[in-house]
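Asks: Would you be able to build a 3D model of this:
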Amino acid sequence: MSSSYSPDLRIELIGTGDQAGVWGATTNNNLAYVLEQAVAGYISVAVVSSNQALTYINGGTSTAADNQAVHASLALTRSVGVGDFAVYAPPASKQYTIYNASPYNATIYNSTVIGNTSNAGTGVTIPTLKTMTVWSDGTNFYQQNTHLNSPSFTTPDLGTPSAATLTNATGLPIIAGTTGTLSVARGGTGVTSSTGSGNTVLSNSPTLVTPALGTPSSVTLTNATGLPIDGGTTGTLPVSRGGTGSTSASGARSNLGLVIGTDVPSPTGTGASGNWNINVTGNAATVTNGLTTSNYNSYAPTLTGGNASGTWAINITGNANTASNGGVTSVNGSTGAVTVTSIGVGQTWQNVTSSRSSGTSYTNSTGKPILVNAFSNRTDSGFQLTAVCDGVTVGYQGGGGGGDARRTGFVSFIVPNGSSYSVTYSGGADGSTLQWAELR
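Replies: Okay, the predicted model is just below:
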């Protein structure tokens, strides 16, 4: 009859009449390597994976590492891998005292089948560097000593209990023994820092000495004095508070309802009554804005620019090619560089025959009107000479007759600036010459 094994500690049970002459050795192995280890044995278990089963063997063995699960006390270490881990005991009732010597949390479970790493039920977690006594019913592990009735501890290290009532506690140090900030409602200040020096400030009519208020959410300065208008204020003062409501001259005039030419003078000096100071720089030939030869020295500078400072717009009448006497900024209301664009002024006659062709359209881009003269000398029996400007026929001459009679055709027309123009001759079959001149 062969041996069998007990269900919890796997003690070898010798069959009746078996192991004659050697049964003593088997019994001694059971006592030394199973029963003794289960009652008082200790072993250190090196955990190398996040899920690891405790080793086991049927019967006794002198090699303790082969039967970790039978020992009463376990020390769990982990030098390989990182993170929390779990160990699995055989699915049998057993009690362990476990020291978690690793830097991670360890949980012990019963396996579903001896040797595997599938948990049969709930486990118990042993925090890092803590010792716990646990026991199993073969499916679930439980923590030992979950209820203590009025225990008395001597200098215990309670760790971080999930809850504690300190109603009757004494000798609690206010700094090292508490956390958080004591609120005003509990007699504290509600803050952990202070600024400045001096007495505590209460809310009813305090007197502050050179305080830095930062940016208060609201403040009433009805009785405040000494506020600097530039550095102490922001924004734009509206008309309703005595300001202009704008940071520009044009915006201020608009907000105040002031119209140039009605309420204030125009740039040419008209549109307002009363006495006005007039400043002129540069030289001018004529001063006509309300000044006469008898009073201009009383209100305006001399014609050479004396008696005043600043810059003045001067109106000039008459014709001129270029007005550039330094102080002239406006001619008949136009500002900037003043150029007279009358035809013939600053222009010369130019022979453009080599750059012109019959029937081709050209554009006047000179900035002034130009005068175009074109004529043709022909020796045929008839011809037509046609001038077109912007699609409109502005000149035409035709000739007829036979023989070698020489006939001359002539057209002359003005082309405005930016306009297109062309001259076309036709008729006859022999050679002809088109002459083309422009005043430009």
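Asks: Nearest the geometric middle of this structure, what residue?
Replies: residue 215 (24.7 Å; Cα atoms, centre = their mean).
Asks: Quick check: that residue is in a helix.
Replies: No. Residue 215 is assigned coil when assessed by DSSP: H, G, I helix; E, B strand; the rest coil, not a helix.
Asks: what separates it from residue 235, distance-wise?
Replies: 15 Å (Cβ to Cβ, to the nearest Å). Just so you know, the C-beta spots here come from the backbone N, C-alpha and C atoms, and that holds for glycine as well.
Asks: And residue 157, by the same measure?
Replies: With Cβ to Cβ as the criterion, residue 157 and residue 235 are 63 Å apart.
Asks: Also residue 80?
Replies: Residue 80 sits 69 Å away from residue 235, going by Cβ to Cβ.
Asks: Same check on residue 165?
Replies: Distance from residue 165 to residue 235, counting by Cβ to Cβ: 58 Å.
Asks: With residue 122 instead?
Replies: 69 Å.
Asks: Pick out whichever of the two has more residues nearby.
Replies: Neighbour count, other Cβ atoms under 10 Å: between residue 122 and residue 235, residue 122 has more, with 12 against 6.
Asks: Make sure that one is actually in contact with residue 143.
Replies: No. Contact criterion Cβ atoms under 8 Å: residue 122 and residue 143 do not qualify, at 10.7 Å.
Asks: in a helix, that's where residue 377 is, yeah?
Replies: No. Looking at residue 377 with three-state DSSP, it is strand, so not inside a helix.
Asks: How many residues are close by it?
Replies: 14.
Asks: Do I have it right that it meets residue 410?
Replies: No. Contact criterion Cβ under 8 Å: residue 377 and residue 410 do not qualify, at 10.1 Å.
Asks: what number of residues lie near residue 252?
Replies: Around residue 252 there are 16 residues (other Cβ under 10 Å).
Asks: Phi, psi for it please.
Replies: phi -60, psi -40 (degrees, to the nearest 10).
Asks: Okay, and the nearest residue to it once chain neighbours are set aside sits in which element?
Replies: Distance criterion Cβ to Cβ, 6 or more residues apart in numbering; nearest residue to residue 252, sequence neighbours excluded, is residue 244 at 3.7 Å. Using DSSP states H and E, residue 244 is not contained in any helix or strand.
Asks: Isn't residue 244 up against residue 256?
Replies: Yes. Counting by Cβ under 8 Å, residue 244 touches residue 256, with 6.3 Å between them.
Asks: Quick check, pLDDT for the closest residue to residue 139 other than its chain neighbours.
Replies: Nearest residue to residue 139, sequence neighbours excluded (Cβ to Cβ, 6+ apart): residue 121, at 4.1 Å. Note on residue 121: pLDDT of 97.
Asks: Over to residue 104?
Replies: Looking at residue 104, its pLDDT stands at 96.
Asks: contacting residues around it?
Replies: Residue 104 is in contact with 78, 82-85, 128, counting by Cβ atoms under 8 Å, 6 or more residues apart in numbering.
Asks: swap in residue 53?
Replies: Residues counted as contacts of residue 53 (Cβ under 8 Å, 6+ apart) are 87-88, 111, 115-117.
Asks: which residues does it bridge with?
Replies: residue 88 (DSSP bridges).
Asks: Check what pLDDT it gets.
Replies: 97.
Asks: shift numbering so it begins at 45
Replies: With 45 as the first residue, the last one maps to residue 97.
Asks: Distance check, it against residue 133.
Replies: Going from residue 97 to residue 133 by Cβ to Cβ gives 8 Å.
Asks: anything in contact with each of these two?
Replies: Joint contacts of residue 97 and residue 133 (Cβ under 8 Å, 6+ apart) are residue 155.
Asks: In PyMOL, select just the buried ones from the contacts of residue 148.
Replies: Buried members of the contacts of residue 148 can be picked out in PyMOL with the line below, counting by 16 or more other Cβ atoms under 10 Å:
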select buried, resi 122+129
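Asks: Same list (the contacts of residue 148) but as JSON lines, adding distance to residue 115, secondary structure and pLDDT.
Replies: Listed next are these as JSON lines, based on distance: Cβ to Cβ, whole Å; DSSP: H, G, I helix; E, B strand; the rest coil; pLDDT from 0 to 100:
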{"residue": "122", "distance to residue 115": "18", "secondary structure": "coil", "pLDDT": "93"}
{"residue": "126", "distance to residue 115": "26", "secondary structure": "coil", "pLDDT": "87"}
{"residue": "127", "distance to residue 115": "25", "secondary structure": "coil", "pLDDT": "93"}
{"residue": "128", "distance to residue 115": "23", "secondary structure": "coil", "pLDDT": "96"}
{"residue": "129", "distance to residue 115": "19", "secondary structure": "strand", "pLDDT": "97"}
{"residue": "172", "distance to residue 115": "21", "secondary structure": "coil", "pLDDT": "96"}
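Asks: List the buried residues in stretch 295-305.
Replies: 296-297.
Asks: how far does it sit from the chain's center?
Replies: Counting by Cα atoms, centre = their mean, to the nearest Å, stretch 295-305 is centred 40 Å from the centre of its parent chain.
Asks: and that stretch, what's its mean pLDDT?
Replies: In this model, stretch 295-305 carries a mean pLDDT of 86.
Asks: Can you get me a residue count around the residue nearest to residue 408 when sequence neighbours are not counted?
Replies: Spatial nearest neighbour of residue 408, chain neighbours left out: residue 459 (4.5 Å); criterion: Cβ to Cβ, 6+ apart. Counted with other Cβ under 10 Å, residues neighbouring residue 459 total 24.
Asks: can I assume residue 459 is in contact with residue 410?
Replies: No. Judged on Cβ under 8 Å, residue 459 makes no contact with residue 410 at a distance of 9.3 Å.
Asks: Next up, the contacts around residue 234.
Replies: When contacts are counted by Cβ under 8 Å, 6+ apart, residue 234 touches 225-228.
Asks: how is this structure carved up into domains?
Replies: 48-187, 293-384, 393-483 (automatic domain parsing).
Asks: For those domains, give me JSON lines that also has distance to residue 236.
Replies: Formatted as JSON lines, those follow (distance: least, Cβ to Cβ, whole Å):
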{"stretch": "domain 48-187", "distance to residue 236": "31"}
{"stretch": "domain 293-384", "distance to residue 236": "50"}
{"stretch": "domain 393-483", "distance to residue 236": "79"}
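Asks: so which of those gets nearest residue 216?
Replies: Relative to residue 216, the nearest member of those by Cβ to Cβ is domain 48-187, separated by 24.7 Å.
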